[in-house]
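Undergrad: Please work out how this folds:
(2 chains)
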Amino acid sequence: MEIKKKTNYSYELELGKENVNPHIYANKEIVSTLESEYTQHNSSLKQLENISTLPGLKGIVALADIHPGYGTPIGTTTASDLKEGVITFAATGFDINCGVHSLILPLSAKEILEKKKEFAEQLFKDVPAGLGIRGKLILTKSEMDEVLEKGAAFAVKKGFGSKKDLKFMEEEGCIGGSDAKVVSDKAKERALDQIGTLGSGNHYCEVQEIEKVFDKTAAKAFGLEEKGSVVSIHCGSRALGHQIGTDYLSILDGAVKKYNIKIPERDLVCAPIQSEEGEKYFSAINAGSNAAFANRFVIGTLVKRCVAKVFGVDEGDTKTFYDVGHNTAKFESHYIKHDGQKPKKEKVLIQRKGSTRGFGPGMSSVPLKYRKVGQPVIVGGSMGTNSFILKGTKRAMDETFGSTIHGAGRSMSRTAALTKWTGEQLLLDLAAKGILVKARSTKGLPEEAPDAYKDILSVVEIMHKAGISEKVVKLSPMICIKG
Amino acid sequence: MFETFGNKADIGVRGKGASAEEAFCECAKAMISVMASLKTIAPNKRIPIKVSAPDMNALLVNFLNEVLYVKDKNKMVFSKFIVKIRENPQKNGFELNSECLGEEINPKKHELRTDIKAATYSLMKVEKRGIEWIAQCVVDV
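TA: So this is what the prediction gives:
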């Protein structure tokens, strides 16, 4: 194993002829950390080595927010051949289509500050968050089937938002071809009251100031103005996605034996893409993705209603900016390199784990309004740190299968963070910085402390300088609602 | 005896006991301890669960995931577990019957922390070390 520098911000993990060499976007500090952690259990580099042995891989890309996950590092995209390849559980994970949904508010940051406490109280009251909390929508099983097959459009049918908002979501809030029948009743019943709930852990609803504009043309196309305000909602498919994961973990465990697939670690259970198990798992992931789109869309509407209540504007004055997922599995067409030949466009399975789709300009799947500049990429920080909105580039299409970072990436374990800080102290420290955090549980708060994450500024800078996704605006937190 | 251990993005949960059953119970308590303070949860209501798996490692993960399922379905948290494991040679595997004891979630009574998404195959292990059984895996937070 050797990490070979390709450019100032990209490296290649050389693993020998049998394997696919992962490409890593990083700076020398991140590479040095990755190397020093190599011998640890579950290190990112070992996980990259392990996934590189899977059959039918066309490419592995690790982004600057890379950190160890289960089986696959978080911050990784894999591309697999449809005939020879496998669909791997760990390359998408339990939190199916966890992502970010962002809204542009018709208010300046100054106007928000004038009613900051009132707005925070309203959001805390109206956005269900935390362990065991029920949402405002209680679905029947047949309605849940509709969510799984129609995604965010179901929420519109139930009176949330409007149809035109759907245009501003990845896949317009619904991945076609998903089949509710491949999702267990257990998964459906577990989440009947969870559409429109935030959850806990690293999920949040944050009110942010547009602190700085880097790219005026792109910011204008995106509708973002300096000193304006946005709300970003970070969550996923909730317990429905977790149960889909649980169900298919066992099914894929059986498939590994059935198809005699050699895997270096059991947490890389998988099935051939073109097998009954693989096809059902792919469809189940997309059903889960649709539930996540619906979930974020409902929360987005609840936030729009809060803005209307507190600031006396119309619900429709707050605009859906964009919605993008992090943990997905999709068929996409990309230019694939073959030894000594010109890259050829092929349909492949793209699995993104803690990685955002970041398509470049001109792609038909990017909303028309943004298509000239590229797809918006929403990069979430943690409480107290900046977040960013970037734009996808042509280079990302050429080098990373149109994929990029999703956040800063953890630098400290949750258990270490819990021994380092207390929730109460953290709330005071953030308040001193002007950030109002409202959390249902202060005990779990230290796990998400800003210093438990890598420096988001340097992570974003790597992707910007590598030309994979370029900075458009920097956001700074004003209010953060946690579970 | 139970404990949690560090794993960068997630949390490891470990139970130890004189038998595999006891280690499973302790491991489930370790998992609940990530979500809530066990001492605030009275073991008043019983929820039975049954799972099977081809081996003991997968049996542990299936058991923990079933606990998470009944937690969400019944909106409960648990503080005590009773576990019985038996080998089923006809099915080439193991079966587990358990009772989860706890009560409905009440944020005013229970000190709630972070929800867990699922138990994973990562670092999973069920083994006897000397006279002690250990049951562990990483849970996705």
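Undergrad: which ones are touching residue 92?
TA: All of this is about chain A. A:Ile285, A:Asn327, A:Thr328, A:Ala329, A:Gln351, A:Arg352, A:Lys353 (C-beta atoms under 8 Å, 6 or more residues apart in numbering or on different chains). In short, each C-beta sits where N, CA and C put it, glycine included.
Undergrad: please go with chain B instead
TA: By C-beta under 8 Å, 6+ apart, the neighbours of B:Asn92 are B:Pro54.
Undergrad: tell me the pLDDT at it?
TA: B:Asn92 carries a pLDDT score of 80 in this model.
Undergrad: Next: A:Phe168.
TA: At A:Phe168, pLDDT is 98.
Undergrad: Next, work out how far apart it and A:Gly159 are.
TA: To A:Gly159, A:Phe168 is 19 Å away according to C-beta to C-beta, to the nearest Å.
Undergrad: Neighbour count for the two, which is higher?
TA: A:Phe168 (22 against 10; other C-beta atoms under 10 Å in any protein chain shown).
Undergrad: Provide the secondary structure category for the residue nearest to the more buried one when sequence neighbours are not counted.
TA: Once flanking residues are discounted, A:Phe168 sits nearest to A:Thr320: 4.6 Å by C-beta to C-beta, 6 or more residues apart in numbering or on different chains. Secondary structure, DSSP: H, G, I helix; E, B strand; the rest coil: A:Thr320 is strand.
Undergrad: contacting residues around A:Thr320?
TA: A:His101, A:Ser102, A:Leu103, A:Gly161, A:Asp165, A:Phe168, A:Met169, A:Gly300.
Undergrad: Can you tell me the strand partners of the one helix or strand in chain B whose mean pLDDT sits lowest and which way each runs?
TA: Every helix and strand of chain B was ranked by mean pLDDT, DSSP states H and E. The lowest is strand B:2-7, at a mean of 90. As defined by DSSP bridges, the strand partners of strand B:2-7 come to strand B:10-17 (antiparallel).
Undergrad: Give the full set of residues in contact with A:Ala26.
TA: When contacts are counted by C-beta under 8 Å, 6+ apart, A:Ala26 touches A:Tyr9, A:Ser10, A:Tyr11, A:Leu34, A:Ala62, A:Ala64, A:Ile66, A:Ile462.
Undergrad: if you set the cut-off to 7 Å instead, what comes out?
TA: A:Tyr11, A:Ala64, A:Ile462 (C-beta atoms under 7 Å, 6 or more residues apart in numbering or on different chains).
Undergrad: Tell me where chain A has helices.
TA: A:28-36, A:44-51, A:109-114, A:116-126, A:141-150, A:152-157, A:185-190, A:216-222, A:238-258, A:276-311, A:394-399, A:414-420, A:423-432, A:456-465 (DSSP state H).
Undergrad: Any part of whatever helix or strand B:Ser98 lives in near chain A?
TA: Following DSSP states H and E, one finds B:Ser98 within strand B:93-104. No - looking at strand B:93-104 against chain A by C-beta under 7 Å from any C-beta of the partner chain, there are no contacts, and the closest approach is 8.4 Å.
Undergrad: For that strand, which outside residues touch it?
TA: B:41-56, B:59, B:63, B:67, B:70, B:75-88.
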